[in-house]
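Trainee: Can you look at this prediction? I've put the sequence above it.
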Amino acid sequence: MLKTYSSPDVVEPLALGEIIRAQVFRPLPGGGYPQEGEDLCVGDLIVTTGLNYLTTRILNGDSVASAMAYMAVGTVSTAASYTDTGLTGEVSRKTFSGSVSGNIFTAVGCWGGVADSVTSLQISEAGLFNHAGSGQGTMMQRVTLSTWTPANSDVLKLILQTNVGSR
């Protein structure tokens, strides 16, 4: 028979939480960009391949293939699912700026309309990967957002944070 314990000293189970911010910056009429961009509503999910990657990393340390160091954007707005293994409509992948502070991992990626050849495309998804090649590697996270169709000078800034902590 399974025995349960109730004590203030019992540690809460491990939880993964995602904090997402997607902003679009459009140039001001007199030049430059505003300090704050327009927020896009987002939905985020750490997919099964990402959870498996994390557990393997815990067991095997740095011998796991490669770090989650790439962010991609795509054009398909289908809701995120645990079984997703990639972005269905991936159009661009690049290295992101990443950091770890305590138990929070932060990834920041930016795309400029003409600079990244994404003008006139309907960007509506993003993901984190451990491989530079489009359609390759393990996906950790998938985000769907309100469709953004960039003009030449527009900039999209995505901030994805993963909080590894207690509930």
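Mentor: Nice, thanks for sending it over.

Trainee: Could you measure from the closest residue in space to Tyr82 that isn't next to it in sequence over to Thr55?
Mentor: Taking C-beta to C-beta, 6 or more residues apart in numbering as the measure, Tyr82 lies nearest to Thr48, with 4.8 Å between them; neighbours along the chain are not counted. Placement of C-beta: from N, CA and C, glycine included. Using C-beta to C-beta, to the nearest Å, one obtains 11 Å as the distance from Thr48 to Thr55.

Trainee: Can you pick out the residue with more neighbours from these two?
Mentor: Applying other C-beta atoms under 10 Å to Thr48 and Thr55 shows that Thr48 carries more neighbours, namely 14 against 10.

Trainee: Please determine how far the more buried one is located from Leu160.
Mentor: Applying C-beta to C-beta to Thr48 and Leu160 gives a distance of 18 Å.

Trainee: Flag the shaky bits of this structure, pLDDT-wise.
Mentor: For the chain, applying pLDDT under 70 flags the ranges 1-20, 39-43, 58-65, 165-167.

Trainee: what are the ranges of the helices in it?
Mentor: For the chain, the helices defined by DSSP state H cover 48-60.

Trainee: Sketch out the strands for it, chain order is fine.
Mentor: All strands of the chain, identified by DSSP state E, fall at 14-25, 38-40, 42-46, 70-74, 90-95, 97-101, 104-112, 123-129, 139-148, 155-166.
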